[in-house]
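In: Dropping a prediction and its sequence here:
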Amino acid sequence: MKRMLFLFLIFSLITSCTTITQPTSLSFSALTEQPFVDWWSDAVFYEIFVRSFVDSDGDGIGDFNGITQKLNYIQGLGVNAIWLMPIHPSPSYHGYDVLNYYAVNPKYGSLEDFKNLIDEAHNRKIKIIIDLVLNHTSNQHPFFANANTGPDSAYRDWYVWSNTSGEHWHPGNSGYYYGFFWSGMPDLNYRNPEVTTQMYNVTRYWLSDVGVDGFRIDAAKHLIEEDNKLENTDTTHEWFKDFYNFYKSVNPSAYTIGEVYGAGAYLATKYDQQMDHIFNFELASGIVNTIKGESNTGVYSAWKFTLKDVSDGNYATFLTNHDQNRVMSVLNGNEEKAKLAAVMLLTSPGTPYIYYGEEIGMQGKKPDEDIRLPMQWSADTNSGFTTGTPWRTPGTNFSQINVAKQENDPKSLLNLYRALTRLRSEYPVLRTGSASLIETGNTGVYAMLRSNGDVNVLVLINLTKSPISDYALSLTGAPIEDGDFTPASLLDSTRGESVTVTGGSFTNYKPINQLSPYHYYIFHFK
């Protein structure tokens, strides 16, 4: 009885603060009245699990103030945008089952702490986006608690119900409710316009009242099912088209990125004018598999599809994220391979996302808690993450792998990430230039040309543990002016052999006679 009374009080508080009103009608012409700022094309994102980043008050749980304390570190990494994993109250450690969309998790701090984080980030020209879980709520959310009281509940139709059981259906009061992921996450019913209006209100609140710069949309492809089709349905696409118009009407510069798990560039085109970006999972898998297997076949296949379907780089790139084994673990702790992965990610088209700790080579394999371990700041007790008892024990290698140890080592993985983000900032061609895949005549060699007007950059990587001299670069019809070019390294004093470009093409070109093992070259073609 006390539990039901508690939920009712929460429910009353939420509904009293979030009166349901119909959103303003929208049109494309209305959106064009304000300037559209495509800031994400120039962004490097940093994904943070708040619980594991920095604990500022010694309770063993990371918090907003901890992130604020580390903004200079984040800025020094060359990052100008942050994605925060769920920050709302939740019964779980991960936060993807939301209890209240209008509040922050009190374990992470207060709303004022969060607003201060936004202000301090904005002072450093760093944007902040947050996870927005639209597909489902917690089964402890007051809306669901009310809906589950019976068929006469005013909130019954906010969720999806059936009289029969089956896969993804879970027993409730007077029927079964649909929850794609598990019973603790009942799916919302977006065929009910009241649900849409409520989530529009949530969106407006965080953009206008709190001041975030956008959202990462969790489980976007599962929003609305159609019969036996459970993902990427026509109704889902139609809903996101309206959602896109709505959030752009609130803030034309707001950004959303969709998690469409497994998506490649082709599927990203299906979400055009629905979200600003989709994560390119196909390309991420291609990069990591190529680095791990020391063969360019995986990433070349992914690039050919990507460049065919989305030639302008209008998608997000990454190596691995919070749902996958960390890239350093996939690469079996090989730092040289991790450096190659960083080079490939940060010299490629698309907006790159770096998962916290990736820049120092943190490891972690599932279960999920172990790929979201505390950040390894130093060799101090609990990796410098907390002065208290951490919510999860840090990785066993934190005394060897940490920020403090790599800070002043010019050859460290951390400082390579910094060098690469600096190049990406200084050379627009690495952000928005065209990309031309170069045939190398050897599967152990990766090569790509980035072009932007009269600026051209060649990326060349020996993927293997052996030196390679048996290779030759061939390029056809690239958007590069004819002439003679001499490659000069953007990372050191290395210079390569000259090449003559005719009709955007060259053949049998070897800028370096022998490519060193696990080595990367980033050449400015002058």
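Out: Yep, it's here. Residues are numbered from 1 along each chain as shown.

In: OK, contacts around I61?
Out: By Cβ atoms under 8 Å, 6 or more residues apart in numbering, the contact list for I61 reads 51, 55, 107-108, 386, 391. (Each C-beta comes from the backbone N, C-alpha and C, glycine too.)

In: Spell out which two among these are the most distant pair, please.
Out: Y108 and T386 (13.6 Å; Cβ to Cβ).

In: Might you list the low-confidence residue ranges for this protein?
Out: Within the chain, the ranges that satisfy pLDDT under 70 run 1-37.

In: what bridges to the residue nearest the centre of it?
Out: Nearest to the mean C-alpha position of the chain, by Cα atoms, centre = their mean, lies Y353 at 4.9 Å. Listed beta-bridge partners, Y353: F45 (assigned using DSSP bridges).

In: right, and out of the contacts of I61, which lies closest to A472?
Out: Nearest to A472 among the contacts of I61 is R51, at 50.2 Å by Cβ to Cβ.

In: can you count the residues close to the closest one?
Out: R51: 25 surrounding residues under other Cβ atoms under 10 Å.

In: got a list of what the nearest residue to it once chain neighbours are set aside touches?
Out: Closest residue in space to R51, ignoring its immediate chain neighbours: G62 at 4.9 Å, by Cβ to Cβ, 6 or more residues apart in numbering. G62 makes contact with 49-55, 108, 374-375, 385-386, according to Cβ under 8 Å, 6+ apart.

In: I'd like to know how far G62 sits from V44.
Out: Using Cβ to Cβ, to the nearest Å, G62 is found at 21 Å from V44.

In: Now D218. Nearest residue, chain neighbours left out?
Out: V133 (4.7 Å).

In: wait, doesn't the one you found sit right on A220?
Out: No - applying Cβ atoms under 8 Å, one finds V133 not in contact with A220, separated by 10.4 Å.

In: Look at these two and report which has more neighbours.
Out: Legend: neighbour count by other Cβ under 10 Å for V133 and A220, higher for A220 (27 against 22).

In: so what's the more buried one up against?
Out: 134-135, 236, 240, 258-260, 271, 275.

In: how about TSV for those residues, with secondary structure, neighbour count and distance to Y190 added?
Out: Shown next, in TSV, are the contacts of A220 (DSSP: H, G, I helix; E, B strand; the rest coil; neighbours: other Cβ atoms under 10 Å; distance: Cβ to Cβ, whole Å):
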residue	secondary structure	neighbour count	distance to Y190
L134	coil	24	8
N135	coil	24	9
T236	helix	24	8
F240	helix	21	10
G258	strand	25	15
E259	coil	21	17
V260	coil	24	16
Y271	coil	26	16
M275	coil	24	16
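
In: Turn those residues into a markdown table, columns for distance to T486.
Out: Listed next are the contacts of A220 as a markdown table, based on distance: Cβ to Cβ, whole Å:
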| residue | distance to T486 |
| --- | --- |
| L134 | 52 |
| N135 | 53 |
| T236 | 51 |
| F240 | 48 |
| G258 | 43 |
| E259 | 44 |
| V260 | 43 |
| Y271 | 42 |
| M275 | 42 |
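
In: Out of the residues you listed, flag the one nearest to E226.
Out: Scanning those for proximity to E226, where the rule is Cβ to Cβ, the winner is T236, at 8.3 Å.

In: my guess is the closest one meets K221, correct?
Out: Yes - taking contacts as Cβ under 8 Å, T236 lies within contact range of K221: 6.8 Å.

In: And the contacts of stretch 366-385?
Out: 49, 51-55, 62, 93-94, 322-326, 356-357, 360, 362, 364-365, 386, 388-395, 397-405.

In: Now do the strands in the stretch 401-526 of the chain.
Out: For the stretch 401-526 of the chain, the strands defined by DSSP state E, counting those that start in this stretch cover 434-437, 445-452, 455-462, 473-475, 483-485, 487-489, 499-501, 506-509, 520-525.

In: Of these, which is nearest L414?
Out: Nearest of these (Cβ to Cβ): strand 520-525, 16.2 Å.

In: Sort out which residues of that closest one are buried, please.
Out: Buried residues in strand 520-525, counted by 16 or more other Cβ atoms under 10 Å: 520-525.

In: Pick out the most distant pair among those residues.
Out: Y520 and F525 (16.2 Å).

In: list the contacts for Y178?
Out: Y178 touches 159-162, 168-170, 186-187, 225, counting by Cβ under 8 Å, 6+ apart.

In: Now the host helix or strand of S285 - C-alpha only, PDB.
Out: Here S285 sits within helix 281-293, counting by DSSP states H and E. C-alpha atoms of helix 281-293 as PDB (Å, rounded to 0.1, in the frame of the first residue of the first chain):
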ATOM      1  CA  PHE A 281      27.400   0.500 -37.400                       C
ATOM      2  CA  GLU A 282      28.400  -1.200 -40.600                       C
ATOM      3  CA  LEU A 283      31.400   1.100 -41.000                       C
ATOM      4  CA  ALA A 284      32.300   0.800 -37.300                       C
ATOM      5  CA  SER A 285      32.400  -3.000 -37.700                       C
ATOM      6  CA  GLY A 286      34.400  -2.700 -40.900                       C
ATOM      7  CA  ILE A 287      37.100  -0.500 -39.200                       C
ATOM      8  CA  VAL A 288      37.500  -2.700 -36.100                       C
ATOM      9  CA  ASN A 289      37.500  -6.000 -38.000                       C
ATOM     10  CA  THR A 290      40.000  -4.600 -40.500                       C
ATOM     11  CA  ILE A 291      42.400  -3.500 -37.700                       C
ATOM     12  CA  LYS A 292      41.900  -6.800 -35.800                       C
ATOM     13  CA  GLY A 293      42.400  -9.000 -38.900                       C
END
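
In: Can we start the residue count at 291 from this point?
Out: Shifting the count to begin at 291 puts that one at helix 571-583.

In: so it versus strand 745-752, what angle?
Out: Compare the direction of helix 571-583 with that of strand 745-752 by axes from the mean of the first three to the mean of the last three Cα atoms, to 10 degrees and you get 50 degrees.

In: before we move on, which element is the closest residue to S428 other than its chain neighbours in?
Out: Using Cβ to Cβ, 6+ apart and skipping the chain neighbours, the partner closest in space to S428 is D387 (3.7 Å). Using DSSP H and E, D387 is not contained in any helix or strand.

In: number of nearby residues for D387?
Out: 23.

In: What residues does Y466 make contact with?
Out: With Cβ under 8 Å, 6+ apart, Y466 has these contacts: 451-456, 459-460.

In: Just confirm it is within a strand.
Out: Yes - assigned with DSSP: H, G, I helix; E, B strand; the rest coil, Y466 falls within a strand.
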